[in-house]
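1. 3D model of this:
(2 chains)
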Amino acid sequence: GESVGLHLPTLSVQEGDNSIINCAYSNSASDYFIWYKQESGKGPQFIIDIRSNMDKRQGQRVTVLLNKTVKHLSLQIAATQPGDSAVYFCAENDYKLSFGAGTTVTVRA
Amino acid sequence: KAGVTQTPRYLIKTRGQQVTLSCSPISGHRSVSWYQQTPGQGLQFLFEYFSETQRNKGNFPGRFSGRQFSNSRSEMNVSTLELGDSALYLCASSFSGTASSGANVLTFGAGSRLTVL
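-> The predicted structure is shown next:
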């Protein structure tokens, strides 16, 4: 079946460095993707989204890149801060959200 | 404005019992979706309601059911609880839901953590 996956389950980043979280999807018909952040004890929180007619979208300190040719998404976090420590999920929006397994980001001081 | 509110936040049940979880969406949101989150399976879609009608359903047994009221508040019920039903149950709301086209961001609540003993 169709699925959304993340390349790495964990990522350790030095505070101040940039973080890159990757995600692969398999449904070539997907036209909308979302990144969520989930902190301990909380529900997923929207970070940024991108439509399939775009290659890149920027937010505050975050950038999402979409490569439809290889069906790959990435989330870039600039100047990673301790508050960025969380689990990050990419999700594909069809008639429901299909989530990847998540990448746990740990920020080292 | 107030976010998505889920109650109760934590509950413990025993096998064979049933449980009802409640979700109050963001004011003005007509779509409510439910997801189950477990360490092994991740986030799995349960169902989506829009204007009191179930629009889509995930691959869960019939023991999992839900409903939506005219004020868009939603409840989900799990009957004959099994150990494997232990999970974080998340509710999410949006204006028009994921079943419709376009970019519809879901806003999640903090979840109801169910432990089945």
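
2. now do the end-to-end distance for stretch A:25-42.
-> For stretch A:25-42, the first-to-last residue distance is 25 Å (C-alpha to C-alpha, to the nearest Å).

3. could you do stretch A:9-24 as well?
-> 13 Å.

4. quick one: contacts of that stretch?
-> Residues outside stretch A:9-24 that contact it (C-beta atoms under 8 Å, 6 or more residues apart in numbering or on different chains) are A:4-8, A:35, A:70-82, A:84, A:88, A:90, A:100-109. Every C-beta, even on glycine, is put in place using the N, C-alpha and C of the backbone.

5. out of the residues you listed, which are inside strands?
-> Of those, the ones assigned to strands by DSSP state E are A:4-6, A:35, A:72-77, A:88, A:90, A:103-108.

6. of the residues you listed, buried ones?
-> A:4, A:6, A:35, A:73-75, A:77, A:88, A:90, A:103, A:105, A:107 (16 or more other C-beta atoms under 10 Å in any protein chain shown).

7. measure how buried residue 14 is and give me the count.
-> Just so you know, I chose chain A. For residue A:14, the count of nearby residues is 11 (other C-beta atoms under 10 Å in any protein chain shown).

8. my bad, the chain I had in mind was chain B
-> Counted with other C-beta under 10 Å, residue B:14 comes out at 10.

9. quick one: it from residue B:20, how far?
-> 15 Å (C-beta to C-beta, to the nearest Å).

10. in contact with the residue in chain A that chain B sits nearest to, which residues?
-> Using C-beta to the nearest C-beta, the closest approach of chain A to chain B is made by residue A:43 at 3.4 Å. Counting by C-beta under 8 Å, 6+ apart, residue A:43 makes contact with B:4, B:90, B:92, B:108-111.

11. now it: closest residue in space that isn't a chain neighbour?
-> Spatial nearest neighbour of residue A:43, excluding adjacent residues (C-beta to C-beta, 6 or more residues apart in numbering or on different chains): residue B:108 at 3.4 Å.

12. contacts only, for the one you found.
-> By C-beta under 8 Å, 6+ apart, the neighbours of residue B:108 are A:36, A:43-45, B:4, B:35, B:90-92.

13. again with residue B:26
-> Contacts of residue B:26 (C-beta under 8 Å, 6+ apart): B:1-4, B:93, B:107.

14. what about chain A: which of those residues touch it?
-> Applying C-beta under 8 Å from any C-beta of the partner chain to the contacts of residue B:26, one finds that B:4, B:107 fall near chain A.
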